[in-house]
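*Asks:* model the structure of this input:
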Amino acid sequence: MLLDGNIFRTTRYRGETAANQKGTSIEVWYSGKTRHHGGQITMVATPTGLPIWVSPVEPGRVHDLTAARTHALPALFHAAAHLDLPTLADEGYLNAGIGIHTPHRSPRPWEPALNIRQKTHNWILRWARGPVERGFALLVGRWRALRHTTKSPRALTRIVAAALVCNHFEHGWTTISR
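*Replies:* Just a heads-up that it's a prediction; the model follows:
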């Protein structure tokens, strides 16, 4: 399984504010990472990159790991513990838990450099995770509504879920066992 998160851009949305760590008021749907308003969607894909599950939308300011802990990680922990099915993820999911394989983070200036085993692990993980980017490309590239929507970010849940179902239909993929 492959795990990744993406922020889908929307128009400016002023309706909800929250307090940040410093206590100042900020817009919930604004993502400092992408510097746009939007919603955070977490996706689980097959090893070939075909998306098989997408989460409900979270505000754009929510970190990948926080959104995954809310929606995806409980099922992925079960798959890792009981089905021996690991999940590959990027550095945004460091310390996610059992069965979530992430790369070794780049060392800080005062830390020792990565050894050859760690570099090889990172290279293999990047190579194996490549198709998950194809999964988001299948959704965003094929369905124009996901490139930039003028609707409220809360509507993204239904739009992405509909795109996922249509994507499964186009590729002849079904979850029904025969």
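*Asks:* what's the offset of the longest helix belonging to the chain from the middle of its chain?
*Replies:* Longest helix in the chain by number of residues (criterion: DSSP state H): helix 116-142. Centroid separation between helix 116-142 and its chain, computed with C-alpha atoms, centre = their mean, to the nearest Å, is 12 Å.
*Asks:* who are the packing partners of that helix?
*Replies:* If you count contacts as 3 or more C-beta pairs under 8 Å, 6 or more residues apart in numbering; DSSP states H and E, helix 116-142 packs onto strand 2-9, strand 36-45, strand 51-54, strand 87-88, helix 156-171. In short, each C-beta sits where N, CA and C put it, glycine included.
*Asks:* direction-wise, compare that helix with strand 2-9 and give the angle.
*Replies:* Angle, helix 116-142 to strand 2-9, by axes from the mean of the first three to the mean of the last three C-alpha atoms, to 10 degrees: 50 degrees.
*Asks:* tell me the angle of helix 116-142 relative to strand 36-45?
*Replies:* Using the same axes, to 10 degrees: helix 116-142 against strand 36-45 is 110 degrees.
*Asks:* residues of helix 116-142 that come out buried?
*Replies:* For helix 116-142, a neighbour-count test (16 or more other C-beta atoms under 10 Å) marks 121-122, 125, 129, 131-132, 135-136, 138-140 as buried.
*Asks:* what strands flank the lowest-mean-pLDDT helix or strand in the chain, and is each parallel or antiparallel?
*Replies:* Every helix and strand of the chain was ranked by mean pLDDT, DSSP states H and E. The lowest is strand 17-19, at a mean of 77. The partner list of strand 17-19 in its sheet, established with DSSP bridges, is strand 25-27 (antiparallel).
*Asks:* after the partner strand comes which helix or strand?
*Replies:* strand 30-31 (DSSP states H and E).
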